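A.B. asks: I'd like to go over a predicted model; first the sequence, then the structure.
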Protein chains: 2
Amino acid sequence: MDDVAIDREQAVRPRRGRPPVSDRQRQRQRLDISRHAVRLFAEHGVAATSGEQIARAAGVSERTLWRYFRSKESCVEPLLANAIDAFRAVLRAWPAELELTEHLRAAYTPVLDSASDADLEAVLAVVRMTRDEPALRAAYLMLRERSEDTFAEVLAERSGAAPDSVEIRVQAAAMSAVLKVATDHLAHVTAAGITSETLRRHREDVAAAVELVIRGLSDNT
Amino acid sequence: MDDVAIDREQAVRPRRGRPPVSDRQRQRQRLDISRHAVRLFAEHGVAATSGEQIARAAGVSERTLWRYFRSKESCVEPLLANAIDAFRAVLRAWPAELELTEHLRAAYTPVLDSASDADLEAVLAVVRMTRDEPALRAAYLMLRERSEDTFAEVLAERSGAAPDSVEIRVQAAAMSAVLKVATDHLAHVTAAGITSETLRRHREDVAAAVELVIRGLSDNT
DNA sequence: ACTTTACCGGCAGCCACTGCCAATAAAGCT
DNA sequence: AGCTTTATTGGCAGTGGCTGCCGGTAAAGT
């Protein structure tokens, strides 16, 4: 009765050897390394931080570091991805009866749900670094683009259009672009410190701009 | 009387040694290398193409190759930048009395002005490759973001707002996002060959989407 | 205990990329 | 025409990011 639940993949069927590390734990490990990497990047710069240093700081061998990350710069991904996921989660929770602006104003806060303020500070530090570190900027832009898929799913569900239609893709990309500009701005104005006022203003900016973009694009044809 | 004209830089003052290569010629050289690199990337993939191969194909030493490009993937930049510049030029030529949609419909053609059709084919090939080559995608996204500055200048001049204001940045980024999606789509549908019908449709898509984005965002406040 | 499966660390090596230096090209001056 | 000056080029050695490979070990089942 317990190994009958063969739904997909290899199901629960009793396996033989050592079980693979759970995705949960793997992501924890990646996030931990990410925090160390970002700190080192901020302290000494990306070029002056070696993979060996990151590995030592995180308490793993260099070999395993390269198993967890394909490049030095991609070490910042887990932290940034968490921040972006926070917005994706808010978007998914968008109730049908509400205008998007209202929902964002009520639910969107750039402080990560389960993470500490230190992570938010680190994320903004990375965004600030992307100004002078092209490799970091590239990694950041790649992450932002990946999030467009989720945006497209939600927007498609709302409008009834296909998630991979050009119209939906355009809306998702435009929304992502708005978030990028707003986040860059937030990173810039918080260089001297984060205040609740700047965060409030950021939420307001995002809510207003996203609404305008989506309204403009969905009034189509 | 002839070395008095010190306005800025070194002016016209008769210099002594070998003159530096003109930017014109340097860009020609970069473009030439770029064509070879893209061809090799398309034939064997990025990973299987070495810097030495690119250098040999372009007829320069490997050392000078690295002087012209900071990374292997950035060898695609000149070709892509030309294509993006074509749109920037169209945008700059936007006459005051015309709606943006009308202007784009009339003036925008993704065929490069002074370059051959082979270059357009190569550009679309690169965009197609970015689907499976993350490094190329990253380079592509970086170029697109750089073009946002020019977009912002033009849009700022139109609306009277500052080019680095959040509103203008949002418009420029959204416009860039629209172009990105439309270009990805064009690259996808032209995989089997370019027809004038697909190009016409592309122009139509871009004109319509850009207009909607800008209209939505500039009706602000 | 024994087998099986998966993660981990060390080692050797490839290659992208850089610093350094000698060689050469292209200009002006005498 | 030589000499001087400045800039580009190419070779060569070295660094470091990153990978393939392999043996050791952990965690499961039998």
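C.D. replies: Sure thing, it's come through.
A.B. asks: going forward, measure contacts between C-alpha atoms and count neighbours the same way
C.D. replies: Will do.
A.B. asks: residues in contact with stretch A:95-112?
C.D. replies: With C-alpha atoms under 8 Å, 6 or more residues apart in numbering or on different chains as the test, stretch A:95-112 has contacts from A:82-83, A:86-87, A:90-91, A:94, A:117, A:119-120, A:199, A:203-204, A:206-208, A:210-211.
A.B. asks: try 10 Å this time
C.D. replies: The contact list for stretch A:95-112 (C-alpha atoms under 10 Å, 6 or more residues apart in numbering or on different chains) reads A:82-91, A:93-94, A:117-121, A:158, A:183, A:186, A:199-200, A:202-212, A:214-215.
A.B. asks: does residue A:191 sit in a helix, a strand or a coil?
C.D. replies: Under DSSP: H, G, I helix; E, B strand; the rest coil, the three-state class of residue A:191 is coil.
A.B. asks: can you tell me how far it is from chain B?
C.D. replies: For residue A:191, the distance to chain B equals 17 Å [C-alpha to the nearest C-alpha, to the nearest Å].
A.B. asks: for that residue, what are its contacts?
C.D. replies: Residue A:191 makes contact with A:121, A:124, A:125, A:128, according to C-alpha under 10 Å, 6+ apart.
A.B. asks: pull out the buried residues from the helix-or-strand element of chain A with minimal mean pLDDT.
C.D. replies: Lowest on mean pLDDT, DSSP states H and E among the helices and strands of chain A sits helix A:196-218, with a mean of 85. Neighbour-count burial for helix A:196-218, counted by 16 or more other C-alpha atoms under 10 Å in any protein chain shown, picks out A:199, A:202-203, A:205-218.
A.B. asks: next one: stretch A:107-125
C.D. replies: For stretch A:107-125, by 16+ other C-alpha under 10 Å, it's A:107-112, A:119-125.
A.B. asks: which single residue of chain A approaches DNA strand C most closely?
C.D. replies: DNA strand C sits closest to residue A:17 of chain A, with a gap of 3.0 Å, by C-alpha to the nearest atom of the strand.
A.B. asks: so that residue, which of the three states?
C.D. replies: Assigned with three-state DSSP, residue A:17 falls in the coil class.
A.B. asks: do residue A:148 as well
C.D. replies: Under three-state DSSP, residue A:148 comes out as helix.
A.B. asks: and the closest residue to it other than its chain neighbours, which helix or strand is it part of?
C.D. replies: Excluding the flanking residues, the one nearest residue A:148 by C-alpha to C-alpha, 6 or more residues apart in numbering or on different chains is residue A:172, at 5.4 Å. If you go by DSSP states H and E, residue A:172 is part of helix A:166-189.
A.B. asks: which strands and helices sit next to that helix?
C.D. replies: helix A:77-92, helix A:117-129, helix A:134-159, helix A:196-218, helix B:166-189, helix B:196-218 (3 or more C-alpha pairs under 10 Å, 6 or more residues apart in numbering or on different chains; DSSP states H and E).
A.B. asks: just send these back as JSON lines, with distance to residue B:49 too.
C.D. replies: Output for the helices and strands packed on helix A:166-189, formatted as JSON lines (distance: least, C-alpha to C-alpha, whole Å):
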{"stretch": "helix A:77-92", "distance to residue B:49": "27"}
{"stretch": "helix A:117-129", "distance to residue B:49": "31"}
{"stretch": "helix A:134-159", "distance to residue B:49": "21"}
{"stretch": "helix A:196-218", "distance to residue B:49": "41"}
{"stretch": "helix B:166-189", "distance to residue B:49": "23"}
{"stretch": "helix B:196-218", "distance to residue B:49": "31"}
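A.B. asks: need those in a markdown table with distance to DNA strand C, can you?
C.D. replies: Listed next are the helices and strands packed on helix A:166-189 as a markdown table, based on distance: least, C-alpha to the nearest atom of the strand, whole Å:
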| stretch | distance to DNA strand C |
| --- | --- |
| helix A:77-92 | 16 |
| helix A:117-129 | 18 |
| helix A:134-159 | 11 |
| helix A:196-218 | 36 |
| helix B:166-189 | 24 |
| helix B:196-218 | 33 |
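A.B. asks: of the ones you listed, which is nearest residue B:39?
C.D. replies: helix B:166-189 (16.3 Å; C-alpha to C-alpha).
A.B. asks: pLDDT on the closest one, on average?
C.D. replies: When pLDDT is averaged along helix B:166-189, the result is 95.
A.B. asks: distance between it and the chain's centre?
C.D. replies: 13 Å (C-alpha atoms, centre = their mean, to the nearest Å).
A.B. asks: check stretch A:31-49 too.
C.D. replies: That offset, for stretch A:31-49, works out to 18 Å (C-alpha atoms, centre = their mean).
A.B. asks: my read: residue A:193 touches residue A:121, true?
C.D. replies: Yes: if you go by C-alpha atoms under 10 Å, residue A:193 and residue A:121 touch, sitting 8.9 Å apart.
A.B. asks: now do the shared contacts for the two.
C.D. replies: residue A:187.
A.B. asks: between the helix holding residue A:172 and helix A:134-159, how big is the angle?
C.D. replies: When axes from the mean of the first three to the mean of the last three C-alpha atoms, to 10 degrees is applied, the directions of helix A:166-189 and helix A:134-159 differ by 130 degrees.
A.B. asks: how near is residue A:118 to DNA strand D?
C.D. replies: 25 Å (C-alpha to the nearest atom of the strand, to the nearest Å).
A.B. asks: repeat that for residue A:24.
C.D. replies: Distance, residue A:24 to DNA strand D, by C-alpha to the nearest atom of the strand: 14 Å.
A.B. asks: residues near that residue, how many?
C.D. replies: 8 (other C-alpha atoms under 10 Å in any protein chain shown).
A.B. asks: my read: residue A:167 touches residue B:209, true?
C.D. replies: Yes: the pair residue A:167 / residue B:209 is scored as a contact, 8.3 Å apart, by C-alpha under 10 Å.
A.B. asks: and residue A:71, helix, strand or coil?
C.D. replies: Per three-state DSSP, the local secondary structure of residue A:71 is coil.
A.B. asks: how about it, what does it touch?
C.D. replies: Residue A:71 neighbours (C-alpha under 10 Å, 6+ apart): A:51, A:65, A:139.
A.B. asks: that older thread, could you export the buried residues of stretch A:107-125 as JSON lines, including pLDDT?
C.D. replies: Listed next are the buried residues of stretch A:107-125 as JSON lines, based on pLDDT from 0 to 100:
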{"residue": "A:107", "pLDDT": "88"}
{"residue": "A:108", "pLDDT": "85"}
{"residue": "A:109", "pLDDT": "79"}
{"residue": "A:110", "pLDDT": "70"}
{"residue": "A:111", "pLDDT": "63"}
{"residue": "A:112", "pLDDT": "49"}
{"residue": "A:119", "pLDDT": "92"}
{"residue": "A:120", "pLDDT": "92"}
{"residue": "A:121", "pLDDT": "93"}
{"residue": "A:122", "pLDDT": "95"}
{"residue": "A:123", "pLDDT": "96"}
{"residue": "A:124", "pLDDT": "96"}
{"residue": "A:125", "pLDDT": "97"}
